[in-house]
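1. Have a look; sequence and predicted model below, questions after that.
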Amino acid sequence: MLKSVGTDYVLAGHSERRAVFGDSDEDTNKKALKILAEGLKCILCVGELKEERESGETFNVCDVQLTKGLAVRKTGRYFSFFFFFFFFPISYNSYYTS
């Protein structure tokens, strides 16, 4: 449906999906693979929570999100990978701060 209206790029792993709806890294991976399977370009969003940043976990959190977000399962299908990465820490979004 997205392709029919001219969409080329689709987000996966946005901070609101992770924080509000509880999307896991595995959920994000499934979405990213589906986006690629449909011939679209994936913008994989990564970022840490305010608490994770303050405790020095930024790079570890982003490493896990990238590693799991980019994981390819053995499906017998090959994709032409076209990823963009967007780093937007949740702590900077006023929606999540008091």
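-> Received the coordinates, thanks.

2. Quick check: buried residues in stretch 4-20?
-> 10-15, 17-18 (16 or more other CB atoms under 10 Å). For the C-beta atoms, the positions are set from N, CA and C on the backbone; glycine is no exception.

3. Rounded mean pLDDT for the helix or strand where Arg18 lies, please.
-> Assigned by DSSP states H and E, Arg18 belongs to helix 15-19. The average pLDDT within helix 15-19 is 85.

4. quick one: it to chain centroid distance?
-> The chain centre lies 9 Å from the centre of helix 15-19; the measure is CA atoms, centre = their mean, to the nearest Å.

5. Could you check how far Phe21 is from Gly39?
-> 26 Å (CB to CB, to the nearest Å).

6. repeat for Gly22
-> 28 Å.

7. who's more crowded, those two?
-> Gly39 (11 against 8; other CB atoms under 10 Å).

8. which SS state does that one fall under?
-> coil (DSSP: H, G, I helix; E, B strand; the rest coil).

9. Phi, psi for it please.
-> Main-chain torsions, Gly39, degrees, to the nearest 10: phi 80, psi 20.

10. same check, this time on Tyr9
-> Per degrees, to the nearest 10, the backbone of Tyr9 is at phi -120, psi 140.

11. what about the nearest residue to it once chain neighbours are set aside, neighbour count?
-> Of all residues not flanking Tyr9 in the chain, Lys41 sits nearest, at 4.8 Å (CB to CB, 6 or more residues apart in numbering). Lys41 is flanked by 15 other residues according to other CB under 10 Å.

12. what's the distance between Lys41 and Lys3?
-> Using CB to CB, which is the criterion applied here, Lys41 is 11 Å from Lys3.

13. Quick check, Val46 in contact with Lys68.
-> No: counting by CB atoms under 8 Å, Val46 stays clear of Lys68, with 10.1 Å between them.

14. neighbour count winner among the two?
-> Val46 (22 against 16).

15. give me the beta-bridge partners of the more buried one?
-> Beta-bridge partners of Val46, counted by DSSP bridges, are Phe87.
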